[in-house]
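> starting from these lines, generate the structure:
(one chain, ligands or ions: 1)
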Amino acid sequence: MTWLITGGAGYIGAHVARAMAGAGEKVVVLDDLSAAVPARLPSDVPLVTGSTLDGPRLREVLTEHGVTGVVHLAARKQVAESVAEPTRYYQENVGGLATLLDAMAAAGVHRLLFSSSAAVYGNPDVDLITEDTPCAPVNPYGETKLAGEWLVRAAGRAYGISTVCLRYFNVAGAAAPELADTGVFNIVPMVFDRLTRGEAPRIFGDDYPTPDGTCVRDYIHVADLAEAHLAAARRLAGDAPAGDLTLNIGRGEGVSVRELITVIGEVSGDGREPVVEPRRPGDAPRAVASAERAARELGWRARRDVHEMVASAWEGWRLHHGK
Ligand SMILES: O=c1ccn([C@@H]2O[C@H](COP(=O)(O)OP(=O)(O)O[C@H]3O[C@H](CO)[C@@H](O)[C@H](O)[C@H]3O)[C@@H](O)[C@H]2O)c(=O)[nH]1
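I've put the predicted structure just below:
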């Protein structure tokens, strides 16, 4: 197998590229460098600069590198931006995927791993979200991921492509400091940012129907997530056809905002009391995966806990922000 990883120079992509290359898989990365740190990639992984919207370029890369499977992560992923610029999200996330699927069909590539999101579920009122929980996304970002899954399955049937869709829950941490997320869009870097400025962390609402009143999420270490990709890629490459698997990728364990901020205080040595602010529009009280199907289908389970996520993210934060 030779795997093309689209978006492979981004935060999650570089972890996947390293995990797959480190496990002996042959890997090529395609990235438009819009959110990339190319130095994240191992030196023996070729980096092709290009967009998944560019069909001729995609066909060229698939053919020239003898690609036999694709791990498609290239996408825009900010919820607020998707609300402000929905057409861009549909164009890049759904249009880019359609272009990629056409190129794969033309080049005879029959295996695809698609990066989806827990955002496809919206705000379901359940204790554990299974893959059969109805999908009802509440923002354009989640819609593009759900539409992407539909397209993946339809094209899989039409073109004979085996597919796996991985629905990531809340990704955090870093496998090495230089691989850390440089964006400040999710709770862990947002709290680090506040502490670095000498400000109290913010809790967006403490009147939710949860044990401590703050929102509960299923945080997953990006190194575990990368290992899930490796397991899924091997499943796709194996003799037993994968068909069209759809899997939650989480730990199956809920952690509240207040609990997470306590861990961040312990790790950073700055345990100042958070301030409670109004609820952030659109937040679900609880979003926790059932991780059973992934365990059954891939023999994969997350191994790293929240403390490890926060500690590794903090090392990366200190490297990038010179603290
Ligand atoms: O300073 C902060 C930042 C966040 N939060 C809360 O922390 C929780 C987690 O927030 P965030 O890290 O922004 O993640 P989510 O809103 O859960 O969304 C993430 O996780 C989803 C999958 O579960 C993905 O679809 C999204 O793209 C990704 O941003 C939410 O309840 C927020 O209200 C705070 O209380 N204070």
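> up against the ligand, what does the chain have?
Residues of the chain lying near the ligand by CB under 6 Å from any ligand atom: 77, 79, 117-119, 169-170, 186-187, 190-191, 202-204, 215, 217, 257, 280, 283, 287. All C-beta atoms are positioned from the backbone trio N, CA, C, and that covers glycine.
> same thing but at 5 Å, please
Within the chain, the positions near the ligand by CB under 5 Å from any ligand atom are 117-119, 169-170, 186-187, 190, 202-204, 215, 257, 280, 283.
> now do the strands in the stretch 1-150 of the chain.
All strands of the stretch 1-150 of the chain, identified by DSSP state E, counting those that start in this stretch, fall at 2-6, 26-31, 47-49, 69-72, 111-117.
> any chance of those strands in a markdown table, with distance to Ala311, mean neighbour count and mean pLDDT too?
Below are these laid out as a markdown table (distance: least, CB to CB, whole Å; neighbours: other CB atoms under 10 Å; pLDDT from 0 to 100):
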| stretch | distance to Ala311 | mean neighbour count | mean pLDDT |
| --- | --- | --- | --- |
| strand 2-6 | 27 | 25 | 98 |
| strand 26-31 | 28 | 26 | 98 |
| strand 47-49 | 29 | 16 | 96 |
| strand 69-72 | 27 | 27 | 98 |
| strand 111-117 | 25 | 26 | 98 |
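> how near is the residue nearest to Val191 when sequence neighbours are not counted to Gly8?
Spatial nearest neighbour of Val191, excluding adjacent residues (CB to CB, 6 or more residues apart in numbering): Pro201 at 4.4 Å. Relative to Gly8, Pro201 is positioned 32 Å away (CB to CB, to the nearest Å).
> next up, phi/psi of the most centrally placed residue in the chain, please.
Taking CA atoms, centre = their mean, the centroid of the chain lies closest to Tyr168, which sits 5.2 Å from it. Torsion angles at Tyr168 (phi, psi; degrees, to the nearest 10) stand at phi -70, psi 140.
> what about the nearest residue to it once chain neighbours are set aside, neighbour count?
The shortest distance from Tyr168 to any non-neighbouring residue, by CB to CB, 6+ apart, is to Ile249 (5.1 Å). Using other CB atoms under 10 Å, Ile249 has 27 neighbouring residues.
> touching, Ile249 and Arg167? I think so.
Yes - applying CB atoms under 8 Å as the test, Ile249 and Arg167 come out as touching, 6.4 Å apart.
> anything in contact with each of the two?
Ala289 (CB atoms under 8 Å, 6 or more residues apart in numbering).
> if we go by neighbour counts, what in the lengthiest helix in the chain is buried?
Counting by DSSP state H, the longest helix found in the chain is helix 140-159. Going by neighbour count (16 or more other CB atoms under 10 Å), the buried part of helix 140-159 is 140-149, 151-153, 155-156, 159.
> repeat that for stretch 230-241.
Result for stretch 230-241 [16+ other CB under 10 Å]: buried residues 230-233, 235-236.
> again with stretch 164-177
Residues of stretch 164-177 classed as buried by neighbour count (16+ other CB under 10 Å): 164-175.
> residue contacts, Glu143?
Neighbours of Glu143 in contact, by CB under 8 Å, 6+ apart: 90, 137.
> any idea of the mean pLDDT in stretch 78-89?
Model confidence over stretch 78-89, given as mean pLDDT, is 96.
> ok now do Tyr208, which residues does it touch?
So Tyr208 contacts 214-215, 279, 285-286 (CB under 8 Å, 6+ apart).
> and it, which of the three is it?
Secondary structure for Tyr208, judged by DSSP: H, G, I helix; E, B strand; the rest coil, is coil.
> look up phi and psi at it.
Here is the backbone geometry of Tyr208 (degrees, to the nearest 10): phi -80, psi 160.
> repeat for Ala289
phi -80, psi 150.
> hmm, it is touching Leu128, no?
Yes - with contact defined as CB under 8 Å, Ala289 reaches Leu128; the gap is 6.8 Å.
> name the residues contacting each of the two.
Listed contacts common to Ala289 and Leu128 are Gly252; contacts here mean CB under 8 Å, 6+ apart.
> between these two, who's got more neighbours?
Ala289 (30 against 18).
> mind listing what the more buried one touches?
118, 128-129, 167, 169, 218, 248-252.
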